[in-house]
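Student: Mind looking at a prediction? Sequence and model below.
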Amino acid sequence: MVRRALRLYRLEGRLELLPHGLWADGYPRLWLPPVPGDAVAREPWFWAVDGRGERHPLAWPGGTPWGDGQTVFRALAQRGWAGPRPFISRLPLHPHRLPPAARHLVRQVLLAASRLPPNGSCSFPRWPIEPSWEVWKAVLACCSLPVPSFRWPEAERYGLCLSHDVDTAAGQCNVLALARIEEDLGLRSAWFLAPGNYRIDRGLWGEMTARGHEVAAHGLRHDFKLPYLSPRRMAARLDRCCELLAEFGAAGFRSPAFLRTPPLVEAVAARFVYDSSVPDTLRLHGPDGTGCVFPWRLGPLVEVPVTLPYDGELLALGLDARACFALWCRKAAWIRQVGGLVHLLTHPDPRFTADRSQRELYRRTLAAILEADGPLWHGLPVEAARVAASQQAGRWQTGEPASGASSSHEALVNRATDETISLTGAGCST
């Protein structure tokens, strides 16, 4: 199955009907599958203008070139099946055996290899905000077409989840320092562990779960090879990871560096309640992501996306604490506007959020999010997954995996397409 191409179009028409500030960058543009040039029976309310300046009828009361418009969501969601494979996954040795300075150099090389044009305008998804998903929802709503909906518990306006990837033994030693920051603010978080990479401190994690935190899986070894292993070796690693974390009730999974393939998605769906390996937008290894800032459901597996730039990404970009704080607050404000999930990922490992200055930045950011206007739902990622799994409104089908998927995974996709899934929420080609 071939991944559908996406093209960036300028939106024209009755823009005054759309919510103010939806574009995030001030430009009314969105990514779409190639817009068919068929004639329409009604006067369009919205037009898509391609890179050559040609105008294509895009939406009108009761219709789009794709019928009810759900094809667009499928095309965007399709990007969740796999992301780009970085060269670090091909290294013969475990990356954590490299000295810290060498690992920092690797991050800089990754960043240099994935430089985006200004505003990320010619790559999907744009970074740090990709508004296409929400723009298309607003266009459909204006034209009285079906729009996926999501309801936070107790009529809250938007959601907040916190999570951490504990990549090393040194990171495990810093867990309580970050947990105290969260608990002082009345918050709890999920901790994604790589139990084959270091000896798990079972007393610590028993205490953490007793205090209301969540333990989840971050692969077995964190060597960036899991998505590219044979099915047998992949299953063996995942089964061993589940065995080592069973006493903590690990229901969630995140692949190291957000790396994923269709076979890994299938294997995760067979073992976990939810996945958190698909960001809304990622720059460091990317561009990568689907642009969706809501949890979305694929059969038995719920995707809980990371929606704020994670700490390692911002550090690799060379942003100081002031710039990181401003970027996090800006993105959180946009997500709050659309009613999505603010999901912040940090690392307790050295050279990440374990450092004193970074811990203070983390505290300031959480306090700022909590002080913002609007009712806020806060929960663990597993709780966000349960909320999404319980929602039956706003269904649309999944995108297919990219070509090269296993036949068993194609069967999974076909089954999901038949049953439908809930993706709850809301000139260049790629």
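Tutor: Good, I have the coordinates.
Student: C-alpha only now, for contacts and for neighbours.
Tutor: Will do.
Student: Not counting the longest helix anywhere in the chain itself, show me its contacts.
Tutor: Counting by DSSP state H, the longest helix found in the chain is helix 321-338. When contacts are defined by Cα atoms under 8 Å, 6 or more residues apart in numbering, helix 321-338 is touched by residues 22, 24, 128-129, 134, 157-158, 293, 308-309, 314, 341-342, 357-358, 361, 364-365, 368-369, 374, 426.
Student: redo that, cut-off 6 Å
Tutor: Tyr158, Val342 (Cα atoms under 6 Å, 6 or more residues apart in numbering).
Student: and the helix or strand following it, which strands flank it?
Tutor: Under the assignment DSSP states H and E, the closest C-terminal helix or strand after helix 321-338 is strand 341-346. According to DSSP bridges, strand 341-346 forms sheet pairs with strand 158-166 (parallel).
Student: Let me know the next secondary structure element after the strand it pairs with.
Tutor: Criterion used, DSSP H and E; the element after strand 158-166 is helix 169-172.
Student: Contacts only, for the residue nearest in space to the middle of the chain.
Tutor: Taking Cα atoms, centre = their mean, the centroid of the chain lies closest to Pro279, which sits 2.0 Å from it. Applying Cα under 6 Å, 6+ apart to Pro279 gives the contacts Gly289, Pro305, Val306.
Student: could you redo the last one with a cut-off of 8 Å?
Tutor: Counting by Cα under 8 Å, 6+ apart, Pro279 has contacts Phe258, Asp288, Gly289, Thr290, Gly291, Pro305, Val306, Thr307.
Student: Give me the buried entries from the residues you listed.
Tutor: By neighbour count, with 16 or more other Cα atoms under 10 Å, the contacts of Pro279 hold Phe258, Asp288, Gly289, Thr290, Gly291, Pro305, Val306, Thr307 as buried.
Student: ok, these vs Gln391, which is closest?
Tutor: Pro305 (16.7 Å; Cα to Cα).
Student: doesn't that closest one fall inside a helix?
Tutor: No: Pro305 is assigned coil when assessed by DSSP: H, G, I helix; E, B strand; the rest coil, not a helix.
Student: and Val147, what helix or strand is that in?
Tutor: Applying DSSP H and E, one finds Val147 in no helix or strand.
Student: So which bits of the longest helix of the chain are buried?
Tutor: Those would be 321, 324-325, 327-338, for helix 321-338 by 16+ other Cα under 10 Å.
Student: Same question for stretch 214-221.
Tutor: Glu214, Val215, Ala216, Ala217, His218, Gly219, Leu220, Arg221.
Student: List the contacts of the fifth one.
Tutor: What that stands for is His218. Asp165, Val166, Phe192, Leu193, Ala194, Phe253, Arg254, Ser255, Pro256 are the contacts of His218 under Cα under 8 Å, 6+ apart.
Student: Try it again at 10 Å.
Tutor: Residues in contact with His218 (Cα atoms under 10 Å, 6 or more residues apart in numbering) are 164-167, 191-196, 238, 241, 252-258, 276-277.
Student: Same question for the second one.
Tutor: If you count contacts by Cα under 10 Å, 6+ apart, Val215 has them with 163-164, 189-193, 205-206, 208-209, 245-253, 382.
Student: how about 6 Å then?
Tutor: Residues in contact with Val215 (Cα under 6 Å, 6+ apart) are Ala190, Trp191, Ala250.
Student: who's in contact with the last one?
Tutor: Taking Cα under 6 Å, 6+ apart as the definition of contact, the neighbours of Ala250 are Val215, Ala216.
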